[in-house]
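J.: one predicted model, sequence on top.
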Amino acid sequence: MSVLDDAQRVAAKFEYRAEELNKGVKAFISQMHEGLQETGTTLSQIPTYVTAVPNGTEKGLYLAVDLGGTNFRVCSIQLHGNTTFSLTQSKVAIPRELMVAETSKELFGFLAKQIEIFLQTHHGEHYQAHLEKRNTMGAHAALAETELFQLGFTFSFPVNQIGINRGTLLRWTKGFDINDAVGKDVCELLQSEIDALHLPVYVAALVNDTVGTLMARSYTSPGKTGTLLGAIFGTGTNGAYVEKLSKITKLKTMQGSDYDKSTGEMIVNTEWGSFDNHMTVLPNTPYDWDLDNESVNPGIQMFEKRVSGMFLGEILRRVILALTVNPQSRLFSDKDSGENELHSTTTIAGDSALYKQWGVDTAFLSIVAADSTPDLGVIRQTLSRDLGVDAATTEDAEVIKLLANAIGRRAARLSALAIAAIVIATGNNVSRGGGEDDVVDIGVDGSLVEFYPGFENMIREAFREIPEIGEAGEKRIRIGIAKDGSGVGAALIALVAAQAEK
Ligand code: ADP
Ligand code: MG
């Protein structure tokens with residue numbers, strides 16, 4: 001058996017057929033309903049206390065920070081009130097050691113420091129004026145005198161939100177693990193480090209990145225249609241959507257601050273990364289199984305572990321390794337010593353990233369998917385440059401392409417499952433026809449959906465296989481990247497919060 005046959009057999013394990021997809025949609029809808037009724041279910045369905053989406057006329061200067069899974073972004077956003085904005089931002093990679101620090105102070109102190117650097121760099125005048133006041137009248141009085149920057153804090157981990165700027169951390173995900181933060185109010189953790197540096201900044205809103213994406217898309221989206229859903233496909237995956245207040249029956253039993261009931265709606269954060277943690281409908285392969293077992297949170301975030309950027313590269317790495325050990329059909333085993341002396345043989349460096357957990361970035365899958373040269377030269381170069389595999393053959397590269405595409409395709413089809421379920425559950429019966437501008441608007445963000453070639457197309461293909469959506473419905477679903485979504489969205493929620501305070 002050739003290595004290509006072997007690879008085809010493995011790739012087939014990642015097929016996610018229409019029948020399974022439709023079963024998945026039904027399970028998602030039922031887990032959504034469960035989550036609206038009680039706490040502690042697989043879909044957390046967290047109420048956000050944000051009860052309206054913007055219409056593009058909002059104005060003002062706001063700060064926003066975003067703790068994603070990989071980077072920390074600080075930005076200031078000027079909303080012009082005509083669906084446009086200007087944004088200034090800085091971005092730093094979060095040092096790995098801070099993700100698993102002993103105390104939360106180490107991480108949050110680092111975040112506050114980045115805010116200080118940002119203010120010095122980009123809002124020097126305001127910051128300098130504040131410093132002078134501080135020198136003349138003392139830190140406390142200076143803070144009382146200065147107009148504080150209202151900051152929206154995008155925090156993309158599951159929190160139990162109990163108010164617009166209050167929320168306790170439920171659990172870490174995406175490789176973070178700082179024990180003493182669990183159960184604490186993350187806004188307070190950030191505010192106290194901001195205060196320790198005497199910065200003129202008030203943490204006005206706690207924002208989940210999905211909610212921010214939804215808000216940002218709604219501010220910038222064309223036409224009058226409000227956005228239904230904001231979805232993230234980055235390091236992790238998650239979605240937030242507009243739900244009828246009357247359907248969030250668990251709100252009655254929850255401690256929560258007062259909120260505006262006049263719209264009859266509230267944005268709900270699904271935390272869909274943990275959809276079907278008990279594995280009733282999710283696909284599974286030996287590679288998913290091993291990845292989960294060797295992760296910091298086995299049995300948790302099972303949907304996310306099949307969909308998002310943190311994991312797809314790691315699934316591929318495990319599949320590749322498995323194919324390098326089979327003696328009958330070994331990947332990277334070109335030992336051509338025939339007539340052509342110049343033909344080098346394939347080698348895997350001893351310190352290749354293939355041998356390291358998390359060694360393969362999901363960006364590699366995008367590179368692979370994009371290479372359509374006849375000899376797959378880009379894939380072979382990347383194997384050599386990034387993964388220590390020298391002189392891979394075209395057949396090796398074909399194998400990599402087959403496997404990577406299978407993993408990416410399954411992720412896109414699972415993404416479609418979640419989006420479709422929400423469209424259907426909220427009664428947006430897109431399959432039944434409707435007027436020209438009868439669109440369902442969806443905002444998305446994250447490197448995977450933004451950069452993986454054809455990700456949206458694969459999502460759309462899956463939509464058409466779901467009878468409640470079908471060909472007609474698929475056309476009415478409008479998907480737009482919420483560029484800088486988390487920043488603008490956080491600014492918009494800080495604005496809403498500041499208005500509520502008045
Ligand atoms: P965050 O989740 O921190 O907000 P991103 O949305 O940029 O950040 O997502 C980062 C994740 O996306 C990482 O897991 C990374 O592996 C993956 N990624 C980065 N570049 C690409 C790419 N070109 N194609 C696919 N995935 C990518
Ligand atoms: Mg993000």
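T.: Structure's in. What do you need? Numbers count the residues shown, from 1 in each chain. Ligands and ions are numbered 1, 2, ... in the order given.
J.: find the nearest non-adjacent residue to the residue of the stretch 101-250 of the chain found nearest ligand 2, please.
T.: Nearest to ligand 2 in the stretch 101-250 of the chain, going by Cβ to the ion, is residue 234, at a distance of 4.2 Å. In short, each C-beta sits where N, CA and C put it, glycine included. Of all residues not flanking residue 234 in the chain, residue 446 sits nearest, at 3.0 Å (Cβ to Cβ, 6 or more residues apart in numbering).
J.: need the contact list for that neighbour.
T.: By Cβ atoms under 8 Å, 6 or more residues apart in numbering, the residues touching residue 446 are 232, 233, 234, 235, 237, 308, 309.
J.: cool, residue 124 as well?
T.: Listed by Cβ under 8 Å, 6+ apart, residue 124 has no contact partners.
J.: ok, now residue 142?
T.: 130, 133, 134, 136, 198.
J.: what about those, which are in helices?
T.: Of the contacts of residue 142, the ones assigned to helices by DSSP state H are 130, 133, 134, 136.
J.: for these, which one is nearest ligand 1?
T.: Among those, residue 130 lies closest to ligand 1 (Cβ to the nearest ligand atom), at 29.7 Å.
J.: how far away is the residue of the stretch 1-150 of the chain found nearest ligand 2 from residue 99?
T.: Closest residue of the stretch 1-150 of the chain to ligand 2, Cβ to the ion: residue 68 (3.9 Å). Using Cβ to Cβ, to the nearest Å, one obtains 12 Å as the distance from residue 68 to residue 99.
J.: also residue 58?
T.: Residue 58 is 34 Å from residue 99, where distance means Cβ to Cβ.
J.: the more surrounded of these two?
T.: Neighbours per residue, other Cβ atoms under 10 Å: of residue 58 and residue 99, the larger number sits with residue 58, 21 against 17.
J.: excluding sequence neighbours, find me the nearest residue to that one.
T.: residue 79 (5.2 Å).
J.: could you look up the SS state of that neighbour?
T.: Classification of residue 79 using DSSP: H, G, I helix; E, B strand; the rest coil returns strand.
J.: top of the ones in helices among the contacts of residue 142 by neighbour count?
T.: residue 130 (24 neighbours).
J.: pLDDT score for that residue?
T.: At residue 130, the model reports a pLDDT of 82.
J.: next one: residue 390
T.: 93.
J.: pLDDT at the residue nearest to it when sequence neighbours are not counted, what is it?
T.: Spatial nearest neighbour of residue 390, chain neighbours left out: residue 347 (4.9 Å); criterion: Cβ to Cβ, 6+ apart. Listed pLDDT for residue 347 reads 88.
J.: ok, residue 322 next?
T.: Note on residue 322: pLDDT of 94.
J.: same deal with residue 339?
T.: Predicted confidence (pLDDT) for residue 339: 52.
J.: go on, residue 177?
T.: The model's pLDDT for residue 177 equals 94.
J.: quick one: name whatever helix or strand follows the helix or strand residue 462 falls within.
T.: Assigned by DSSP states H and E, residue 462 falls within helix 455-464. Counting by DSSP H and E, the next helix or strand C-terminal to helix 455-464 is helix 470-476.
J.: which residues are contacting the next helix or strand after that following helix?
T.: Next along the chain after helix 470-476, taking DSSP H and E as the criterion, comes strand 477-481. Strand 477-481 has contacts (Cβ under 8 Å, 6+ apart) with 217, 221, 419, 423, 430, 439-445, 449-450, 456, 459-460, 463, 469.
J.: for residue 143, give its distance to residue 74.
T.: 20 Å.
J.: and the residue of the stretch 1-150 of the chain closest to ligand 2, backbone torsions?
T.: Note on residue 68: its backbone torsions stand at phi -80, psi -150 [degrees, to the nearest 10].
J.: residue 93 too?
T.: When read as degrees, to the nearest 10, the backbone of residue 93 gives phi -70, psi 140.
J.: likewise for the one 4 residues further on?
T.: The phi and psi values for residue 97, taken as degrees, to the nearest 10, are phi -70, psi -30.
J.: tell me the contacts of residue 193?
T.: Shown in contact with residue 193 (Cβ under 8 Å, 6+ apart): 105, 108, 109, 111, 112.
J.: part of a strand, is it?
T.: No - under three-state DSSP, residue 193 falls outside any strand and is assigned helix.
J.: the closest residue to it other than its chain neighbours sits in which helix or strand?
T.: Spatial nearest neighbour of residue 193, excluding adjacent residues (Cβ to Cβ, 6+ apart): residue 112 at 3.7 Å. Element membership of residue 112, judged by DSSP H and E, is helix 104-122.
J.: isn't residue 484 up against residue 86?
T.: No - with contacts counted by Cβ atoms under 8 Å, residue 484 stays clear of residue 86, the gap being 10.4 Å.
J.: give me the more crowded residue out of those two.
T.: Neighbours per residue (other Cβ under 10 Å) separate residue 484 from residue 86, with residue 484 holding more: 22 against 10.
J.: dihedrals phi and psi, the more buried one?
T.: As for residue 484, its main-chain torsions (degrees, to the nearest 10) stand at phi 60, psi 30.
J.: what's the spacing between it and residue 316?
T.: 29 Å.
J.: likewise for residue 43?
T.: 27 Å.
J.: the more surrounded of the two?
T.: residue 43 (27 against 24).
J.: who's in contact with the closest residue to the more buried one other than its chain neighbours?
T.: Of all residues not flanking residue 43 in the chain, residue 35 sits nearest, at 4.0 Å (Cβ to Cβ, 6+ apart). For residue 35, the contacting residues are 41, 42, 43, 44, 45, 270, by Cβ under 8 Å, 6+ apart.
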